[in-house]
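In: Would you be able to build a 3D model of this:
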Amino acid sequence: MEVMDEKLAMARIRDLFRAAEKKGDYAASNFLTPLEQEMVFDISREFPEVKFFFEGGYKEAERKILVTYPEYVEGRPFVAPVKALRVKVREEDAFPGHRDFLGSILGLGISREKIGDVLVKKGEAIVIVKEEIIEFLGLNLNKVKNFDVETEEITLKEIIAPEKTYKEVKGTVASLRLDAVASLAFGVSRSKMAPYIKGENVRVNFKIISDPSHEVKEGDIISATRMGRAKVEKIGGESKKGRIYVTIHRFTG
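Out: Residues are numbered from 1 along each chain as shown. Model (predicted):
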């Protein structure tokens, strides 16, 4: 998992709001993580005359750029600097994964914040990028995991996001503590999950939580290093023994 300096991230977001104020025009960031996007809403209150929106290339994007602008320029033509590149493996029976595509891109010296979502399907990937690097990436990305690849720029309208697949897990927990719910979600014992959480290996809504007693709520996204990601889909009533019914979607794709 990425390590984020929250103070630095907040400073960069503030700088973008200030840039829009100073220039009297649109200003765009690099790609922000979901947690950084959450920070924007609080910071925006400090700049009441500056508006903003996010753009990730497609509706369900996880990583998005932030665009800020003074209220008085609203309606002025502006195209967010986000592009899409299709990367296709030449060999028919080669199916690199997300890590392979992303690793090959970063191996070219490109910063992670210049790359948005990487949408992988059988034998290819659609990579969302900042406009400034698409030409470099298209010219220099020739291999992914030792497989030859070909690239082509596509329009954002051509992006088809793969459907998220999940396994539904239903069960009961003694409480809504993070260690109890994560234990059910990932199929490990609570005694193993608690120290795993204390070791800062688990995030709730993309923020590291190191307290096993942290209470989760319906809709929370729980991410665990090397275990995966799950959503608390539904919290129901109590069983006769006082345990709480929980429905979890553990993502498999």
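
In: Which strand or helix spans residue 196?
Out: Residue 196 belongs to helix 190-198 when assigned by DSSP states H and E.

In: ok, and what's touching that helix?
Out: Here helix 190-198 makes contact (Cβ atoms under 8 Å, 6 or more residues apart in numbering) with 178-180, 182-183, 186, 188, 202, 209-212, 224. For every residue, glycine as well, the C-beta is placed using N, CA and C.

In: Any buried residues in whichever helix or strand comes after it, and which?
Out: Where DSSP H and E defines the elements, the next helix or strand beyond helix 190-198 is strand 202-204. Buried residues in strand 202-204, counted by 16 or more other Cβ atoms under 10 Å: 202-204.

In: picking that back up, ranking by neighbours, what's the top pick from the contacts of helix 190-198?
Out: Taking other Cβ atoms under 10 Å as the neighbour criterion, residue 182 ranks highest of these with 29 neighbours.

In: in a helix, that's where that residue is, yeah?
Out: Yes. Under DSSP: H, G, I helix; E, B strand; the rest coil, residue 182 sits within a helix.

In: which residues does it contact?
Out: Contacts for residue 182 (Cβ under 8 Å, 6+ apart) come out as 193, 197, 202, 222, 224, 230.

In: Same check on residue 74?
Out: residue 51.

In: Can you pull out the residues in contact with the lengthiest helix in the chain?
Out: The longest helix of the chain (DSSP state H) is helix 6-23. Here helix 6-23 makes contact (Cβ under 8 Å, 6+ apart) with 26-29, 32, 36, 39-40, 43-44, 46-47, 49-50, 52, 66, 68-70.

In: repeat that for 7 Å
Out: With contact meaning Cβ atoms under 7 Å, 6 or more residues apart in numbering, helix 6-23 is reached by 26-27, 29, 36, 39-40, 43, 47, 50, 66, 68-70.

In: Next: stretch 124-142.
Out: Residues outside stretch 124-142 that contact it (Cβ under 7 Å, 6+ apart): 30, 56-57, 61, 81-89, 101, 104-105, 108, 110, 114-119, 148-149, 151, 153, 159.

In: Let's see which of the residues you listed end up in strands.
Out: Among the contacts of stretch 124-142, the ones falling in strands (DSSP state E) are 30, 82-89, 115-119, 148-149, 151, 153.

In: Just the buried ones from the residues you listed?
Out: 30, 82-87, 89, 115-119, 149, 151.

In: before we move on, back to that, I'd like the buried residues of strand 202-204 laid out as JSON lines, including pLDDT and distance to residue 77.
Out: What follows is those, written out as JSON lines (pLDDT from 0 to 100; distance: Cβ to Cβ, whole Å):
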{"residue": "202", "pLDDT": "95", "distance to residue 77": "44"}
{"residue": "203", "pLDDT": "92", "distance to residue 77": "38"}
{"residue": "204", "pLDDT": "93", "distance to residue 77": "40"}
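
In: Present those as CSV; the columns should include distance to residue 131.
Out: Formatted as CSV, the buried residues of strand 202-204 follow (distance: Cβ to Cβ, whole Å):
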residue, distance to residue 131
202, 35
203, 30
204, 33
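
In: for this structure, what spans make up the helices?
Out: Here the chain has its helices, by DSSP H, at 6-23, 34-44, 98-106, 134-140, 178-186, 190-198.
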